[in-house]
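Q: pasted the sequence and its predicted model underneath.
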Amino acid sequence: MLSTALTNALQTQIGYEFSASQTYLGMAAYFHAQNLDGWAKFFERQSAEEREHALKIFHYLLETGSPAKLPIIPEAPVEYRSALETVEKSLEQEQKVSQAFKDMAAIALKEGDYTGFGFLQWFIEEQVEEEATFERLIALVKSGINLFQAEALLPQ
Ligand SMILES: [Fe+2]
Ligand SMILES: [Fe+2]
């Protein structure tokens with residue numbers, strides 16, 4: 001059984017992951033509307049990844065006999081001012097998530113919950129990659145490259 005503090009934080013995180021999934025789907029819609037299908041597909045893949053993260057936490061709660069909770073997901077925008085805005089917002093979102101997992105790891109250590117601490121490490125490592133992806137995409141967009149040409153350079 002997980003500590004109450006860690007259980008609460010993980011339940012909240014499920015909401016953040018689903019919310020991120022929805023945000024990325026909104027970005028996919030934004031790019032699709034401009035016929036930038038490669039960008040739309042990239043954000044759809046990101047959306048699917050975030051859903052997997054939510055499920056990973058969901059299953060962990062079930063496996064540890066902790067109550068699962070499915071928070072309300074806020075509406076996500078489908079319109080943005082520019083491609084740059086989408087990748088900058090994405091990086092901001094990923095940075096918040098990274099901080100949330102570090103805070104949870106601190107809770108786990110404080111409570112002496114080493115199993116929970118171990119579980120969180122996967123996410124902390126994953127976040128390094130997520131942040132790096134969007135930092136590269138910000139640089140790509142800022143390079144002034146044509147967005148259609150940039151599609152060939154998007155992570156698969
Ligand atoms: Fe995530
Ligand atoms: Fe992410």
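A: That came in fine, so what should we check first? Ligands and ions are numbered 1, 2, ... in the order given.
Q: point me to the helix or strand that includes Ala29.
A: Using DSSP states H and E, Ala29 sits within helix 4-32.
Q: need the next SSE after that helix, C-terminal direction.
A: For helix 4-32, the succeeding helix or strand toward the C-terminus, using DSSP H and E, is helix 37-63.
Q: who are the packing partners of that following helix?
A: helix 4-32, helix 83-110, helix 114-142, helix 147-150 (3 or more CB pairs under 8 Å, 6 or more residues apart in numbering; DSSP states H and E). Using the backbone N, CA and C atoms, a C-beta is placed for each residue, glycine as well.
Q: that one and ligand 1, are they touching?
A: Yes - judged by CB under 5 Å from the ion, helix 37-63 and ligand 1 are in contact via 50, 53.
Q: state the mean pLDDT of that helix.
A: For helix 37-63, mean pLDDT is 98.
Q: okay, the helices and strands packed on helix 37-63, which one's buried deepest?
A: Burial of those is given as mean neighbour count (mean count of other CB atoms under 10 Å); helix 4-32 ranks first at a mean of 20.
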